[in-house]
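> okay, here's the prediction I keep looking at, along with the sequence it came from:
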Amino acid sequence: MKALRAVKSGKNDFLRNVLTLMTGTTLAQAIPIAAMPLLTRLYTPEDFGVLALYMSLAGMISVIITARYEVAVMLPERDEDAASLMALSVCIAGAISLVLLLIVYFFNEGIQTLLNSKAIGSWLYLLPITVFVTGVWQALNYWNNRAKKFKRLAVSRVMQGGGMTVGQFALSSLSAGGLVLGYLVGQASGLWVFLTRTWREDRRVLSQVTPASMFENAGRYSKFPKYSTVGALLDNTAVQMPILMLSKFYDTHVVGVFSLTFRALNLPMSLIAASFSQVLFQRFVALQRESPERLAPFVVKLFFGLLALMTPIVGFVWLFGPELFGLVFGETWRQAGDYAKVLIFAVAIRFAVSPLSTVLAMDHNIKIGTLWQMIYFITVTSTLYVFRDAGMEKFLLAFTLHEIALYSLYLGFIIFGAKRHRFG
């Protein structure tokens, strides 16, 4: 009976944690999503194109800004070791941001030429600040996840969404710069929640961090910078590849329409999935330690559940995409609805698979995750380059079919990783 009660208690805790994060995520996204119909009337597609390119650059750099040590924060048994990894992540983020500042200062014009965008030049100087803030937020995010501070995680996400929206409205006179600065305001707002509450409540553990403990844990978890960093960079660059390709071979208007379409479809889904992912990581680690034979069936069950959630949304967007986007965002954005009819299938498969990928973030599965990331990077880059001149309709179709095929492969890798304990 005690064992049964423990199982039920574990399930209740899991569902409660997911609900807490989903509530925070829903609120966080309700604000910018509600604001998008107004923002699309204040900013042009070209402005959104600049924001998309800026966020792509920030996203690619942010994924390696801490050398992936922030992911390892979840793994140590001792809180003191986890705190050392968090502090190490922050230090690495600071060092890389300083190097990035020098690169932007000396090679600004070259970067503009490479990206085929003069409009982004002035805003590149904000990039080191943005990625540093994001890196610190990521480190504290994993620390709070480890400590099961899910309410704090939810509040931070709400502050991100609210801060970004307020900033983008307040700075609309700056055109594209208002969108970029608003994005930075949102990231900083979310970080502020973590900084104030984490230091106040966890000061005892954090104060025990020393340079020696940071170096010790850097060596102990060196697999993350050795293997996970390259894979994560390839993975994130691949995710941003549509924006980079469109920026290189199309005009900023097309980039803006594509980015808003994918953002409108993907943001609510991806951030809800991120809420699952954070709670699942902790759940996966616990299952591997306590009941490893249950991990793979749990992964499969979750996949079909997440896919079922997306089915009615896919049908609705497929039937009413152009009308929906024209009504919500204005007739200027009706073309985005045509894009959405195709892209919704890519969003659906990502939503169903991505939360499960934390199985491959476990120590013994890092190489498997890196292998998939390399495959994905090569195939998406090749696919989009081949179809770069085929027109937007074929470009979008090729991208979507690629996503369905590669994320299906990803699911296979994840299930294999979940079963690996049986052979080790």
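Yep, it's here.
> quick one: low-confidence ranges for the stretch 251-400 of the chain?
Scanning the stretch 251-400 of the chain for pLDDT under 70 picks out 268, 270-278, 282, 363.
> ok, which stretches of it are helices?
Assigned by DSSP state H, counting those that start in this stretch, the stretch 251-400 of the chain shows helices spanning 252-290, 295-329, 334-353, 366-386, 392-419.
> how about those helices in JSON lines, adding distance to Thr165?
Bear in mind the C-beta positions are built from the backbone N, C-alpha and C, glycine included. Shown next, in JSON lines, are the helices of the stretch 251-400 of the chain (distance: least, CB to CB, whole Å):
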{"stretch": "helix 252-290", "distance to Thr165": "12"}
{"stretch": "helix 295-329", "distance to Thr165": "15"}
{"stretch": "helix 334-353", "distance to Thr165": "19"}
{"stretch": "helix 366-386", "distance to Thr165": "31"}
{"stretch": "helix 392-419", "distance to Thr165": "28"}
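> which among the ones you listed is found nearest to Val155?
When the helices of the stretch 251-400 of the chain are compared by CB to CB, helix 252-290 sits nearest Val155, at 13.2 Å.
> quick one: neighbours of Ile366, just the number.
Neighbour count of Ile366, defined by other CB atoms under 10 Å: 20.
> check contacts around the residue nearest to it when sequence neighbours are not counted.
Using CB to CB, 6 or more residues apart in numbering and skipping residues adjacent in sequence, the residue nearest Ile366 is Tyr227, 4.8 Å away. The contact partners of Tyr227, by CB atoms under 8 Å, 6 or more residues apart in numbering, come to Ile366, Lys367, Thr370.
> pLDDT score for Tyr227?
Tyr227 carries a pLDDT score of 78 in this model.
> start the count at 485, not 1, going forward
Renumbered: residue one is now 485, and that last one reads Tyr711.
> any idea how far it is from Ala902?
Distance check for Tyr711 against Ala902: by CB to CB, to the nearest Å, it reads 19 Å.
> same thing with Ala556?
From Ala556 across to Ala902, the span is 20 Å (CB to CB).
> these two: who's more crowded?
Set side by side, Ala556 and Ala902 show more neighbours around Ala556, with 28 against 25, by other CB under 10 Å.
> burial of the nearest residue to that one once chain neighbours are set aside, as a residue count?
Excluding the flanking residues, the one nearest Ala556 by CB to CB, 6+ apart is Tyr705, at 4.1 Å. Under the neighbour criterion other CB under 10 Å, Tyr705 is assigned a count of 24.
> now the phi/psi pair for Tyr705, please.
Backbone torsions for Tyr705, taken as degrees, to the nearest 10, come to phi -110, psi 40.
> ok, Phe742 touching Pro726?
Yes. When contacts are counted by CB atoms under 8 Å, Phe742 is listed as touching Pro726 (6.8 Å).
> burial measure for the closest residue to Phe835 other than its chain neighbours, as a count.
Computed as CB to CB, 6+ apart, the closest residue to Phe835 that is not its neighbour in sequence is Met753, at 4.4 Å. Counted by other CB under 10 Å, the residues lying close to Met753 total 21.
> okay, now the residue lying closest to Lys825 once chain neighbours are set aside: neighbour count?
Of all residues beyond its chain neighbours, the one nearest Lys825 is Gly805 (4.2 Å), with distances taken as CB to CB, 6+ apart. Gly805 has 22 neighbouring residues, counting by other CB under 10 Å.
> now the one 5 residues further on
Burial of Gly810 is recorded as 16 neighbouring residues (other CB under 10 Å).
> same check on Ala579?
12.
> just the element for it, please.
Using DSSP states H and E, the element containing Ala579 is helix 563-599.
> quick one: residues contacting Ile548.
So Ile548 contacts Ile580, Thr713, Ala716, Leu717 (CB under 8 Å, 6+ apart).
> mind listing what the second one touches?
Going back to what we said before, that points to Thr713. Applying CB under 8 Å, 6+ apart to Thr713 gives the contacts Ile548, Ala551, Arg552.
> sec struct for the first one, please.
Per DSSP: H, G, I helix; E, B strand; the rest coil, the local secondary structure of Ile548 is coil.
> distance-wise, check it relative to Val555.
Ile548 is 12 Å from Val555, where distance means CB to CB.
> okay, now the domains of the protein?
Domain ranges of the chain: 529-705, 706-908, per automatic domain parsing.
> for Thr510, which of the ones you listed is the nearest?
Ranking the domains of the chain by proximity to Thr510 (CB to CB) places domain 706-908 first, at 7.4 Å.
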